[in-house]
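Peer 1: How does the following fold in three dimensions:
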Amino acid sequence: MFKSTISFVFLLFYVTVGLGQETIPLDTVHWDINARSYVLEPFKGNDAIYLQAGRMTLKDASFLNGTIEYDIYMKETRGFPGVYFRVNGTNAEHFYIRPHQSGNPDANQAVPLTKGISPWQFYFGPKYSFVYDYPVDEWMHVKIVVHEDKAQVYLDHAEKPNLSWQLFHEVKAGGLSFTGGGASGMHLANFKINNEAYEIKDFKPGERESIEGAIAQWEVSDKFEEQLLDEPNDLQSLIDGRKWGEKIVLEEGVAANISRKVELRDNTPGNTVFAKISITAKRDQIRLFEFGYSDRVVVLLNGQPIYKGTNGFRTRDYRYLGTIGLFDAVYLNLKKGKNTLLLAVSENFGGWLVTGRFANAQGLKIE
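Peer 2: Residues are numbered from 1 along each chain as shown. Just a heads-up that it's a prediction; the model follows:
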């Protein structure tokens, strides 16, 4: 199972410098394995690892540009086997497979890991996923080519990329981790890294329709516990006790990602922030405000709660994904002068997001 120290040194030379492409041995000399369980075993013609509910991280790897290749033994089970690359702390680039969605538009996913959150409820659709019919009870080859701010994935030795996408984080070398199939576990094999092969071919990323008139920027508060919203009479003191100053901006013309500025799981209490805009009206009036959020929201106008909603995974239907969009709306009773609109947005997983627009913003000044 274990290679000699000399073999280990040569392997690191290949991984960090990229003067060749070698199959990386499956052992604890080369990998940190953190999983519910794992087995290193010959399986269906390959030296493989059966990885259940966890990940394996390549030791001392520094990956910037190059090609990542490995094989997955596909089976009809719910799971999310994939690879994190350019891992830096709680940020990374991520591509993974959804075997249980074979043949569907969301059969896979390209997405960033942003301060520990994978916002797939934001980065969805043909720009970040593609239809694919996966083989069953067979090995499937995965190849990801990365160069600067671009990436492409090829499945089963395809001649043309199945997906091309713009990467999400700054171009910076980082670690490499691979995940299995979740609770059911999956077999992985034939891991190869080549830092010299990074040619991007026929780069045609998908497009996405933006939301016309969406709010361009929100100011966000520091975190607090969601349960503090349960007492309506104490909301003003909750608002007054917040720290402000961070700004989040509209991305892809669709929504703002709260995780860009606030870290959900940093060992400090809180899963909720206020997202704030100011609206100046020339007269007293009622205007319709359309908005979206993930996962839950309480809307306050001038300190008064006027709406509460839920948009998380499977909250409206067992098939409901909780993706971001203008799925909710509220009539705002604006007074003449300055009005403060707060959306208290709470997050579990899948994307800490906020968006909104006025159906008619004529005569309003929005800051």
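
Peer 1: quick one, strands of the stretch 51-200 of the chain?
Peer 2: Counting by DSSP state E, counting those that start in this stretch, the stretch 51-200 of the chain has strands at residues 66-74, 82-88, 91-97, 108-113, 138-147, 150-155, 163-166, 175-179, 186-194.

Peer 1: what's the neighbour count on the closest residue to residue 365 other than its chain neighbours?
Peer 2: Counting by C-beta to C-beta, 6 or more residues apart in numbering, residue 365 lies nearest to residue 280, which is 4.0 Å off, once chain neighbours are set aside. C-betas here are computed from N, CA, C, even on glycine. Residue 280 has 14 neighbouring residues, counting by other C-beta atoms under 10 Å.

Peer 1: what about residue 280, helix or strand, and which?
Peer 2: Remark: residue 280 resides in strand 272-281, with elements defined by DSSP states H and E.

Peer 1: which parts of that strand are buried?
Peer 2: 272, 273, 274, 275, 276, 277, 279, 281 (16 or more other C-beta atoms under 10 Å).

Peer 1: Looking at the strands of the stretch 51-200 of the chain, which is nearest to residue 23?
Peer 2: Nearest to residue 23, of all the strands of the stretch 51-200 of the chain, is strand 186-194, at 5.7 Å by C-beta to C-beta.

Peer 1: helices or strands next to the closest one in the packing?
Peer 2: strand 46-58, strand 66-74, strand 175-179 (3 or more C-beta pairs under 8 Å, 6 or more residues apart in numbering; DSSP states H and E).

Peer 1: got these as JSON lines, with mean pLDDT columns?
Peer 2: Formatted as JSON lines, the helices and strands packed on strand 186-194 follow (pLDDT from 0 to 100):
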{"stretch": "strand 46-58", "mean pLDDT": "96"}
{"stretch": "strand 66-74", "mean pLDDT": "97"}
{"stretch": "strand 175-179", "mean pLDDT": "97"}
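
Peer 1: could you dump those strands to a markdown table with distance to residue 97 and mean neighbour count?
Peer 2: What follows is these, written out as a markdown table (distance: least, C-beta to C-beta, whole Å; neighbours: other C-beta atoms under 10 Å):
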| stretch | distance to residue 97 | mean neighbour count |
| --- | --- | --- |
| strand 46-58 | 13 | 19 |
| strand 66-74 | 7 | 21 |
| strand 175-179 | 10 | 22 |
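
Peer 1: Farthest-apart pair in the buried residues of strand 272-281, please.
Peer 2: Across these (C-beta to C-beta), the longest gap, 27.6 Å, separates 272 and 281.

Peer 1: neighbouring contacts of stretch 226-241?
Peer 2: Contacting residues not belonging to stretch 226-241 are listed as 224, 271-272, 274, 296, 298, 300, 303-305, 342, 344, 346 [C-beta atoms under 8 Å, 6 or more residues apart in numbering].

Peer 1: now the residues you listed: which count as buried?
Peer 2: The buried subset of those - by 16+ other C-beta under 10 Å - is 224, 271, 272, 274, 296, 298, 300, 342, 344, 346.
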